[in-house]
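In: The following block contains a protein sequence and its predicted model.
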Amino acid sequence: MADTTRGLIPVLHAATRTRPDEIDTILAAEAVARALARLGYAAEIVALDADFQGLESLPPRNPLAVFNLVDAIGGDARLAPMVPARLEALGLRYTGAPASAWLDTLSKIGTKLRLAHAGLPTPDWSADGTGLDPGARVIVKPVWEHGSLGMDDASVTSGGAAAQVIAERTRRWHTEHFAEIFIEGREFNVSLLETGGGVRVLPIAEILFEGFGASDAKIVGYDAKWAPETAAFIGTPRRFGIERREPLLAAALARHARACWPLFGASGYARVDFRVAADGRPYILEVNMNPCLTPDAGLAAAAREAGLAYDELVAAIVAAPLADLKATA
């Protein structure tokens, strides 16, 4: 049995077993709790429901920090910022981004507005599908979801059909959609980790598109993320080593990803997703304040590539709120 004299760190989630992406959050909570126990903390999983009662019971127990994995409540990602906001109101330290960063990155359109205003490259877009070149290829995405809900080959369409596809998908999935210019090219994930010496860019992962036909949309859709038995999942492995093979491109991706950290007020860890066009120009697709933390997910894979075992990654993530504890002791 692990020595739990280091204190309590509850692991918080609000997922249900209704969708693969939500099940993945539960698996992440279980993996993080096991890692915390191995690190010597008293760890337990707290599954939140809509009344937040699991939160209200924490302050009397004086946890060292709360490991926050909540990215949706009742399946609604728009409610996720309520959790760090309530943790702050209760005076509890927690891992990951503050409520302000969640609010600034929750909407993909809002994120793109901030990126464009800061001069960072992001594909052109339209909230309702109008104003786009009718002959251009565009991709229709949910505004609020960060798990690629509903995204598939049919998400890539023409600018002329964008408004119709947005309307159809908004009705079908009961969440708002928008369209952005589809960048034909390569896809990269850049994971960021806060350390005592600042923000560390972990080894950059390229998502390969293997076995895709010439007319297939080369995207990481819902199946590619959450359905291991599908061709989309099997055909989108990650590859490391761009820093060695293409140092100039790697440096550009790292520079843009680093710029997102202060722009959105990130904390702990984050991931920035890119497409790189055929001419080599990178475009930021989105900024994720709560990337998946299962041992086989992208953040853990990037950490392993950097020489950090899973327990070391978890220890690094909890180090930020625990540093605040030491500073006020």
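Out: That came through fine. As the structure is a prediction and not an experimental result, all values here were calculated from the model. Residues are numbered from 1 along each chain as shown.
In: would you list every one of the strands in the stretch 201-329 of the chain?
Out: Here the stretch 201-329 of the chain has its strands, by DSSP state E, counting those that start in this stretch, at 205-207, 238-239, 269-277, 282-288.
In: Buried by neighbour count: which residues of stretch 219-234 qualify?
Out: Judged by neighbour count (16 or more other C-beta atoms under 10 Å), stretch 219-234 contains these buried residues: 219-226, 232-233. In this view, the C-beta of every residue, glycine as well, is placed from N, C-alpha and C.
In: any idea which of those residues is the one closest to R172?
Out: Y222 (13.0 Å; C-beta to C-beta).
In: Chain neighbours aside, what residue packs nearest to that closest one?
Out: Nearest residue to Y222, sequence neighbours excluded (C-beta to C-beta, 6 or more residues apart in numbering): S148, at 4.7 Å.
In: picking up where we left off before, would you mind listing the two of the buried residues of stretch 219-234 that lie farthest apart?
Out: Farthest pair in those (C-beta to C-beta) is I219 and W226. Separation: 13.9 Å.
In: who touches both of those two?
Out: The overlap between the contact sets of I219 and W226 (C-beta atoms under 8 Å, 6 or more residues apart in numbering) is empty.
In: For the helix or strand hosting V165, what is the distance to the chain centroid?
Out: In this structure, V165 sits in helix 162-173 according to DSSP states H and E. With C-alpha atoms, centre = their mean, to the nearest Å as the basis, helix 162-173 stands 24 Å off its chain's centre.
In: in it, what counts as buried?
Out: By neighbour count on 16+ other C-beta under 10 Å, the buried set for helix 162-173 is 162-163, 165-166, 169-170.
In: which helices and strands does it pack with?
Out: Other elements packing on helix 162-173 under the criterion 3 or more C-beta pairs under 8 Å, 6 or more residues apart in numbering; DSSP states H and E are strand 137-142, strand 177-181.
In: wait, which of the ones you listed is closest to A99?
Out: strand 137-142 (21.5 Å).
In: the inter-axis angle of the closest one versus helix 162-173?
Out: 30 degrees (axes from the mean of the first three to the mean of the last three C-alpha atoms, to 10 degrees).
In: Now do strand 137-142: everything it contacts.
Out: Residues from elsewhere that reach strand 137-142 (C-beta under 8 Å, 6+ apart): 108, 129, 132, 149-151, 155-159, 162, 165-166, 169, 173, 175-182, 184, 217, 219.
In: Please indicate which of those are buried?
Out: 108, 129, 132, 149-151, 155-157, 159, 162, 165-166, 169, 175-182, 217, 219.
In: So what sits opposite the residue lying closest to R61 once chain neighbours are set aside in the bridge?
Out: Distances taken as C-beta to C-beta, 6+ apart put L8 closest to R61, at 6.1 Å, once the chain neighbours are dropped. Beta-bridge partners recorded for L8 (DSSP bridges): A42.
In: For L8, give me its contacts.
Out: Taking C-beta under 8 Å, 6+ apart, we find L8 in contact with 41-44, 61-64.
In: try 7 Å this time
Out: By C-beta atoms under 7 Å, 6 or more residues apart in numbering, the contact set of L8 is 42, 61, 63-64.
In: Same question for R271.
Out: The neighbours of R271, taking C-beta under 7 Å, 6+ apart as the test, are 189-192, 288, 291, 298-299.
In: Let's see the pLDDT reported for L325.
Out: Turning to L325, the model gives it a pLDDT of 66.
In: Correction: the previous question concerned A42.
Out: Per-residue confidence at A42 stands at 96 (pLDDT).
In: number of nearby residues for it?
Out: Neighbour count of A42, defined by other C-beta atoms under 10 Å: 18.
In: what separates it from A33, distance-wise?
Out: Using C-beta to C-beta, to the nearest Å, A42 is found at 10 Å from A33.
In: Pull out the buried positions in stretch 235-246.
Out: Neighbour count says stretch 235-246 has 236, 238, 240, 242-243, 246 buried, by 16+ other C-beta under 10 Å.
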